[in-house]
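A.B. asks: sharing a model prediction with you, sequence too.
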Amino acid sequence: MADDIKRKDAQMRATINQKLVETGERDSIHKIKQHNQLQYQKFTMQFCLEVVKQKGLEHITVDDLVAEITPKGRVRKFDLLTET
């Protein structure tokens with residue numbers, strides 16, 4: 001029974017992927033994904049620079065930076081996913 005479900009799932013994935021390729025939507029989705037990833041990287045870099053400027057390079061550790069960035073990064077990643 002589990003094998004049957006896995007086979008149907010794989011078959012459905014293949015069908016969906018084929019339809020996406022045929023309509024050109026797969027490329028569109030890929031471009032949107034790349035754009036969102038680039039936006040996220042820019043946001044993260046800018047936020048890191050702001051935190052380092054506020055606290056000073058001598059007064060911040062990598063662990064401090066990660067602790068500051070992680071909550072905002074998660075929210076921003078979610079926002080980017082829900083925008084499109």
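C.D. replies: Alright, I've got the coordinates.

A.B. asks: the longest helix in this protein is where?
C.D. replies: When the chain is scanned for its longest helix (criterion: DSSP state H), the result is helix 25-55.

A.B. asks: neighbouring contacts of whichever helix or strand comes after that helix?
C.D. replies: Proceeding N to C from helix 25-55, the next assigned helix or strand is helix 62-83, under DSSP states H and E. By C-beta atoms under 8 Å, 6 or more residues apart in numbering, the surrounding residues in contact with helix 62-83 are 36, 39-40, 43-44, 47-48, 51-52, 55. C-beta coordinates here come from the backbone N, C-alpha and C atoms, glycine included.

A.B. asks: just the buried subset of those, please.
C.D. replies: Judged by neighbour count, with 16 or more other C-beta atoms under 10 Å as the criterion, the buried members of the contacts of helix 62-83 are 36, 40, 43, 47-48, 51.

A.B. asks: what helices and strands are in contact with the longest helix of the chain?
C.D. replies: Other elements packing on helix 25-55 under the criterion 3 or more C-beta pairs under 8 Å, 6 or more residues apart in numbering; DSSP states H and E are helix 2-23, helix 62-83.
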